[in-house]
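Asks: The following block contains a protein sequence and its predicted model.
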Amino acid sequence: MINLRGIAAFLALLGAAAESHAAGVTIGVVAPQNGPLALLGAQIAAGAGFEIQQSGNTLVAINETCEDNSGAAVADALVNAKVQVAVGFLCSETLEGALPKLKDANIPAITVSVRSRILMEDALKNGWPLFRAAPADGAEAAKVIEVILKDWAADPIALIEDGTIHGRELTEAVRNALEQNGLKPVFTDTYRPGQEQQIALVRRLKRAGATRVFIGGDRNDVAVIARDAKAENIQLSILGGDAMRAADQPLPLDAGVRAVALPEYAILPEGTAAADALRAKGIEPEGYVLPSLAAALIAGQAGQAAAAAGKPLQEALLDATFQTPVGTIAFTGAHELSQNPYRLLEWRGNGFFPPAAPTQ
């Protein structure tokens, strides 16, 4: 696995090459290089830097502090380096200050992290060149709702959550959508999280007649509920959210539990080749590595297309569909991903994978 020192050396080599010979599309990579977010920044730098090097483009690495009022300086650095497009942007604080100046310089910004709907609304209203290569707020709930309406509509459904803001809001969004579609859960509850056992809860689910349960809670709570339902011989189909992407401890999750979550792209068909190439360079394709690689690939291809057609790079981003290691990506007119990146996944003991197609 590449470490932070390795990332710094890697970027230094690329930067030195860029200074001596700028080639292809000049792409800014904006990510934290130190401080508490340096590990995430290293993932962004590793993925984007690998793709930029492979494609023969030019990398300009810009440190992102994620502090309030830091964005203008980031934008100035990008403009002074004559970048054509920038990727990364872990924090909304950076974009809030950078986008007005990036608009004046015609430099699109592709974020792999920021989910704020308000920021995108402001960007569209002001003509700021922001593109989101990450899920927007509400995308997780939308996918959960889609899955439940498609697969569970004819079954007795329970909705339970752990009382946290995210768990409550996610479960409430699902409940509202069910009611709008004429469906009423047979059981709803807020459970106490972090308990060693949930036998009373699973018995109440049985008494209510629930056979399908959506849980707005963390992975360990879901594991406890699944274990106790199995011990009580209560047949429950369990679905969780993106919080299920966590360490499989202290209690292992039962195989067959499902989650609506962002996939581990490295184990999916579209991501394996890039993952293998990264590992050959000592880079583990975790976290933001493959999404950032995809963002840099999109930036490079859009830059080339814009130059060939003699049109603004922002138009090229909107006009094309890109085949990337995280799947097919296209942007809507609102600069959002055209397809929801959340997927229905199933735990198989060593990872979340797409469920097998039902047998006929």
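Replies: Looks like it arrived, so ask away.
Asks: A strand includes residue 318, no?
Replies: No: under DSSP: H, G, I helix; E, B strand; the rest coil, residue 318 sits outside any strand and is assigned helix.
Asks: Please tell me how far residue 279 sits from residue 48.
Replies: Going from residue 279 to residue 48 by CB to CB, to the nearest Å gives 17 Å. C-beta coordinates here come from the backbone N, C-alpha and C atoms, glycine included.
Asks: neighbour-wise, which of these two wins?
Replies: When neighbours are counted by other CB atoms under 10 Å, residue 279 and residue 48 differ, and residue 48 comes out ahead with 34 against 14.
Asks: Can you tell me which helix or strand of the chain has the lowest average pLDDT?
Replies: Taking mean pLDDT, DSSP states H and E as the measure, the chain has helix 4-20 as its least confident helix or strand, at a mean of 49.
Asks: who's in contact with residue 177?
Replies: 141, 145, 148-149 (CB atoms under 8 Å, 6 or more residues apart in numbering).
Asks: Would you mind listing which of these are buried?
Replies: Listed as buried from the contacts of residue 177 are 141, 145, 148; burial here means 16 or more other CB atoms under 10 Å.
Asks: Need the three-state assignment for the second one.
Replies: Counting by three-state DSSP, the backbone at residue 145 sits in helix.
Asks: how about the strands in the stretch 51-200 of the chain?
Replies: Using DSSP state E, counting those that start in this stretch, the strands of the stretch 51-200 of the chain run over 58-63, 85-88, 109-111, 130-132, 157-161, 187-190.
Asks: ok, residues contacting the second one?
Replies: The one in question is strand 85-88. Contacts of strand 85-88 with the rest of the structure, by CB under 8 Å, 6+ apart, involve 25, 27-31, 41, 44-45, 48, 62, 64, 78, 102, 107-113, 133, 292, 295-296, 298-299, 302-303, 313.
Asks: same question, the last one
Replies: In this structure, residues lying in contact with strand 187-190 by CB under 8 Å, 6+ apart are 158-163, 168, 171, 175, 201, 204-205, 208-210, 213.
Asks: Give me the domain ranges for the chain.
Replies: 4-135+268-330, 139-261 (automatic domain parsing).
Asks: any idea how far the residue nearest to the spatial centre of the chain lies from residue 210?
Replies: The chain has residue 134 as the residue nearest its centroid, 5.0 Å off, counting by CA atoms, centre = their mean. In this view, residue 134 and residue 210 are 34 Å apart by CB to CB.
Asks: Also residue 32?
Replies: For residue 32, the distance to residue 210 - CB to CB - is 44 Å.
Asks: Understood, closing this out.
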